[in-house]
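Novice: model this:
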Amino acid sequence: DGEALVDSKGDPIGAMNVNTFVEHAGTDINNYQYTTLTLYFTNKEGDKLIPENRSVYYSSNLPLERVVMEQLLKGPREDGVCPTLPEKTNLLGITISENTCYVNFDDTFVDGALAVQESIPIYSIVNSLIDACQIKQVQISVNGESKLTFRETMNLNKFYKKNKKLVVSNPS
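Specialist: Below you'll find the model as predicted:
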């Protein structure tokens, strides 16, 4: 009726967006879950992906795909393994629809790209998400725009599937 939305105390709630709402997938709110993720980082040469298993506790309020990306953005823990994403990269959004994961980053993903082969950051994300989540492909965007080319040849407007050819088990 033209009045501000208020909470149970009568305080105005203010502007809301998609991040205001929590997806509830049938688990108890405020529970924590434990899982082991396989995250893909790079070797020192920046031309291969190295799998790193990481055990994490996470809030059941968070979608698993967000947990995967947050862990990937934290970087590797093992010696001889290097990060694939710029340290200050912000994850603006992540959703799954029809077996596809859509990942949206800020400009840092492109502007702060690390000195690694151009396919390494893309497949670090794709392989990590596909291994952890029930998805078949990933599309990456920057500030909501997917009609971009990452570096020279990696078109972000396509759907990427897992790439096993880049993966090696030994970081040396």
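Novice: Which residue is the nearest non-sequential neighbour of Thr108?
Specialist: Thr89 (4.4 Å; Cβ to Cβ, 6 or more residues apart in numbering). No exception for glycine: its C-beta is placed from N, CA and C like everyone else's.
Novice: before we move on, what about Thr36?
Specialist: The spatial neighbour of Thr36 that comes closest, neighbours along the chain excluded (Cβ to Cβ, 6+ apart), is Ser55 at 4.8 Å.
Novice: I'd like the average pLDDT over stretch 111-124.
Specialist: Average pLDDT, stretch 111-124: 90.
Novice: mind listing what's buried in it?
Specialist: For stretch 111-124, the neighbour count (16 or more other Cβ atoms under 10 Å) marks Ala113, Val116, Gln117, Ser119, Ile120, Pro121, Ile122, Tyr123, Ser124 as buried.
Novice: what does stretch 78-97 give?
Specialist: Val81, Cys82, Pro83, Thr84, Leu85, Pro86, Thr89, Leu91, Ile94, Ile96.
Novice: List just the nearest of these to Gly75.
Specialist: Nearest to Gly75, judged by Cβ to Cβ, of the buried residues of stretch 78-97 is Pro83 at 4.0 Å.
Novice: got a list of what the closest one touches?
Specialist: Taking Cβ atoms under 8 Å, 6 or more residues apart in numbering, we find Pro83 in contact with Phe41, Thr42, Gly75, Pro76, Leu114.
Novice: My read is that the third one contacts Glu87, right?
Specialist: Yes - at 7.2 Å, Gly75 and Glu87 qualify as touching, with contact defined as Cβ atoms under 8 Å.
Novice: Okay, the residue nearest to Thr36 and Gln71: tell me how far apart.
Specialist: From Ser55 over to Gln71 the distance is 10 Å, taken as Cβ to Cβ, to the nearest Å.
Novice: Okay, helices next: where are they in this structure?
Specialist: In the chain, the segments counted as helices under DSSP state H are 64-74, 108-111, 119-132.
Novice: follow-up on the earlier one: quick check: the residue nearest to Thr36 touching Gln33?
Specialist: No - judged on Cβ under 8 Å, Ser55 makes no contact with Gln33 at a distance of 11.4 Å.
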